[in-house]
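> Generate coordinates for the sequence data below:
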Amino acid sequence: MSVIILLLLVSTSVAGLFLLGFIHAVRRGQFDDDRSPAVRILHEDDPRQTKTP
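Residues are numbered from 1 along each chain as shown. So this is what the prediction gives:
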């Protein structure tokens, strides 16, 4: 029975650490620009416009 309690405490601690990491990332602006990476791949540069040395 004590092993189950230990596992519950460890898993709750790990989940709390992940939650704190997520909150930290959100506050630092990690997820602010969620549209442009998906759209950027659609607007590739035209190969004819690039200069070759």
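> Counting residues, which helix of the protein comes out longest?
helix 2-27 (DSSP state H).
> For it, what does the pLDDT average out to?
Helix 2-27 carries an average pLDDT of 97.
> now it: how far from the chain's centre is it?
17 Å (Cα atoms, centre = their mean, to the nearest Å).
> Can you give me the buried ones in that helix?
Within helix 2-27, no residue is scored as buried using 16 or more other Cβ atoms under 10 Å. For every residue, glycine as well, the C-beta is placed using N, CA and C.
> Begin at 32 from now on, thanks
Right, with 32 as the first residue, what we last looked at is helix 33-58.
> Could you name the helices and strands sitting against that helix?
If you count contacts as 3 or more Cβ pairs under 8 Å, 6 or more residues apart in numbering; DSSP states H and E, helix 33-58 packs onto no helix or strand.
> Assign a three-state SS to residue 74, would you?
coil (DSSP: H, G, I helix; E, B strand; the rest coil).
> Give me the neighbour count for it.
By the measure other Cβ atoms under 10 Å, the count of residues near residue 74 is 8.
> how far away is it from residue 62?
Distance of residue 74 to residue 62, computed by Cβ to Cβ, to the nearest Å: 22 Å.
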